[in-house]
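Student: Can you look at this prediction? I've put the sequence above it.
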Amino acid sequence: QVQLVESGGGLVQAGDSLRLSCAASGRTLSTYTMGWFRQAPGKEREFVASISWSGYNTAYADSVKGRFTASRDNAKNTLYLQMNTLKPDDTAVYYCAAERGTMAPVPNGIDYWGKGTLVTVSS
């Protein structure tokens, strides 16, 4: 059974940075596309970023492009999300996701989900 455990969330001020981590256990996910989604209160879960198994290909939502960077360390079975210049609109629970194939920018077809970590950005 695969487990994805996110960490690194917290309360920050607008303009600050945070780095989220997602540690995978149970099996290696080095051949999986991995990504981040987020869900704000009262809103649907939305795509944030994805990264291919090699780490060479990434995709980002327009709202975070240029501010967030996804990376992975396959040796550690860990995914990261560096979040810079945070805005109050970035407040949400951030979920780690893994998918065998290409990850579409929608929360469908995901093979594994983490339980999420809360990021709160105050103005």
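Tutor: Cool, got the structure.
Student: what about residue 11, how many neighbours?
Tutor: 12 (other C-beta atoms under 10 Å). Backbone N, C-alpha and C define where each C-beta goes, glycine included.
Student: ranges for the strands of the protein?
Tutor: 3-7, 10-13, 18-25, 33-39, 46-51, 58-60, 68-73, 78-83, 92-99, 112-113, 117-122 (DSSP state E).
Student: Contacts for the third one next, please.
Tutor: Strand 18-25 has contacts (C-beta atoms under 8 Å, 6 or more residues apart in numbering) with 2-10, 12, 34, 36, 76-83, 86, 94, 96, 98, 112, 114, 117, 119.
Student: ChimeraX command to pick out the buried ones of the residues you listed?
Tutor: The buried residues among these can be selected in ChimeraX (16 or more other C-beta atoms under 10 Å) with this line:
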select :2,4,6,8,9,12,34,36,77,78,79,80,81,83,86,94,96,98,112,114,117,119
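Student: Out of the strands of the chain, flag the one nearest residue 105.
Tutor: Proximity to residue 105 (C-beta to C-beta) singles out strand 46-51 among those, at 3.8 Å.
Student: who does that closest one touch, helix- and strand-wise?
Tutor: strand 33-39, strand 58-60, strand 68-73, strand 78-83 (3 or more C-beta pairs under 8 Å, 6 or more residues apart in numbering; DSSP states H and E).
Student: List the neighbouring strands of it plus their orientation.
Tutor: Strand 46-51 has the following strand partners under DSSP bridges: strand 33-39 (antiparallel), strand 58-60 (antiparallel).
Student: for the record, mean pLDDT for that strand?
Tutor: The predicted model assigns strand 46-51 a mean pLDDT of 98.
Student: in that strand, what counts as buried?
Tutor: By neighbour count on 16+ other C-beta under 10 Å, the buried set for strand 46-51 is 47, 48, 49, 50, 51.
Student: Nearest to residue 103 among those residues?
Tutor: residue 50 (4.3 Å).
Student: Could you check the pLDDT of residue 80?
Tutor: For residue 80, the predicted pLDDT is 98.
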